[in-house]
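>>> Next comes the sequence, and after it the predicted model I'd like to discuss.
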Amino acid sequence: MLLFLLQSIISLATTGRGVLNHCREKERKALLLFKQGIHSDSGLLSTWTNQEDEDCCNWKGVYCSKETGHVQILDLHGSFYSSSVYLKGKINITSLIELHDLQHLDLSYNDFYLSDILESIESFTNLKYLNLSYSSFVGSIPYQLGKLSHLLSLDLSYNNLDRAIPWQIGNLSKLQYLNLEQNYLVGAIPSQLGNLTKLHTLKLGSSYDDLTAIADGNNLNTECLSSNDFAFTSFINPNLTFLLHLDLSFNHLTSSTIFYWLSNFTFNLHVLYLDDNLLRGSIPNSFGNIISSLEVLDLSNNKLRGEIPTSLGNICTLEYLELSYNNLSGGFSNFTSNASWCNGHSLQQLLLSRNQLTSMSPNLSVFSSLQYLDLSDNNLKGKIVESHFKNLSNLMSLSLSRNSLTLEISSSWAPPFQLRSLDMASCVNGFGQNWTM
């Protein structure tokens, strides 16, 4: 939906060719003023010249309304793949204030070192799309962003922003995409973000120096609060039914109560990243029954204990499951047996390394779409036989190393797969030489 809306913006604007009204003079001067503080070795702004009767709607990265000639899109994003295709310098967004009709501003993947996002950002009242990611912005997130009532997408990720998220962001009632990951934010997530009922993607991974609190105790079942080990602050209410993608990775979350919080307030979640936190306790047995639409689940690099919940096998849409680097114990045969009728045909990556798992599943062949399997560095015991891999024709990477497994596989056996990566260190007995490409 968001992509469709952004495409609609672009369809309403064009470069100077075919524009009925040429670039407005005030807007041309504003763009030239903006250019003064920056430069590009790649010639990104080479068409921005101050020649008489120059139509700025023909400039690279500038798109104007076909009817009015007003600049509606300014797209000066650099390249993630090339270190030479970007803008450099200290910019002043205030110089663009004359672009009253601007709806789309993309300055991502540039180097605006020591530039602040100024309060004057509030002047772009028609803005629907704002991307300032990967551009070395510093300072705080201006609360004036909360005045951009038409905003659909806001991306400030991978900068050097600090201090707290301003609560005024919660005023952006039309916002669908919010990405603040990879910054240096502090404090709790403001309760007003719970007002963003249209939000489908929320990324706060590695944003916080000290994120330990995320939920609203008033909205949680009392039973779920009884074992808290952090102070709850407001964040999410039950209205976030559109939320599809949630990333809270690389923070300092500690309580497994977050699983109950997610179960209460997110109903259609497809992607969940809680990796690289300090989560303790166990994954609730019912979690997979409630969050049943997940495609990606990453809980790696935490301190989770207990067994892998059987209910995760009930998530029929699950394609990626990463539970590595925890303290999970027991076996996972219940999980695989549950998966046999459901997500066995969807799961492509199963990564369970660096845990305390002890019993090997008697049957891995239920995962017919599996491409990556990593069970290394556990306490697995038992025999590995040919039937374990019978249906794994898509398998590309296999690691069973540093366990106590015995391979009882004939050297003449022809596996249904050709591996690109194989690690069987410390497994007893050999295996055929025709497992790898």
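Now that the structure is in, tell me what you want to look at.

>>> doesn't residue 405 make contact with residue 425?
No: applying CB atoms under 8 Å, one finds residue 425 not in contact with residue 405, separated by 10.8 Å. For every residue, glycine as well, the C-beta is placed using N, CA and C.

>>> which regions of the stretch 251-400 of the chain lie under the pLDDT threshold?
Within the stretch 251-400 of the chain, the stretches with pLDDT under 70 are 265-267, 340-341, 343-344.

>>> mind listing the strands for it?
Using DSSP state E, counting those that start in this stretch, the strands of the stretch 251-400 of the chain run over residues 271-273, 280-282, 296-298, 303-306, 320-322, 327-331, 349-351, 356-359, 372-374, 381-385, 397-399.

>>> Identify all contacting residues around the third one.
Strand 296-298 is contacted by residues 249, 270-275, 312, 315, 318-322 when judged by CB atoms under 8 Å, 6 or more residues apart in numbering.

>>> which non-adjacent residue is nearest residue 347?
Closest residue to residue 347 apart from its sequence neighbours, by CB to CB, 6 or more residues apart in numbering: residue 367 at 5.2 Å.

>>> Distance-wise, check the one you found relative to residue 355.
Noted for residue 367: a distance of 18 Å to residue 355, by CB to CB, to the nearest Å.

>>> Kindly report the same for residue 154.
According to CB to CB, residue 154 and residue 355 sit 37 Å apart.

>>> Quick check: residue 358 touching residue 381?
Yes: taking contacts as CB under 8 Å, residue 358 lies within contact range of residue 381: 6.5 Å.

>>> pretty sure residue 90 contacts residue 113?
Yes: taking CB under 8 Å as the definition, residue 90 is a contact partner of residue 113 at 7.1 Å.

>>> quick one: contacts for residue 87?
Contact analysis of residue 87 by CB under 8 Å, 6+ apart lists 38-40, 44-45, 76, 78, 107, 110-112.

>>> Out of those, flag the one nearest to residue 128.
Set against residue 128, the nearest of the contacts of residue 87 by CB to CB is residue 107 (15.3 Å).

>>> what's the closest one in contact with, if anything?
Contacts of residue 107 by CB under 8 Å, 6+ apart are 74, 76-77, 87, 91, 131-132, 135.

>>> so how far is residue 365 from it?
Following CB to CB, the distance that separates residue 107 from residue 365 is 51 Å.

>>> Tell me how many other residues crowd residue 199.
By other CB atoms under 10 Å, the residues close to residue 199 number 24.

>>> ditto for residue 262
Using other CB under 10 Å, residue 262 has 22 neighbouring residues.
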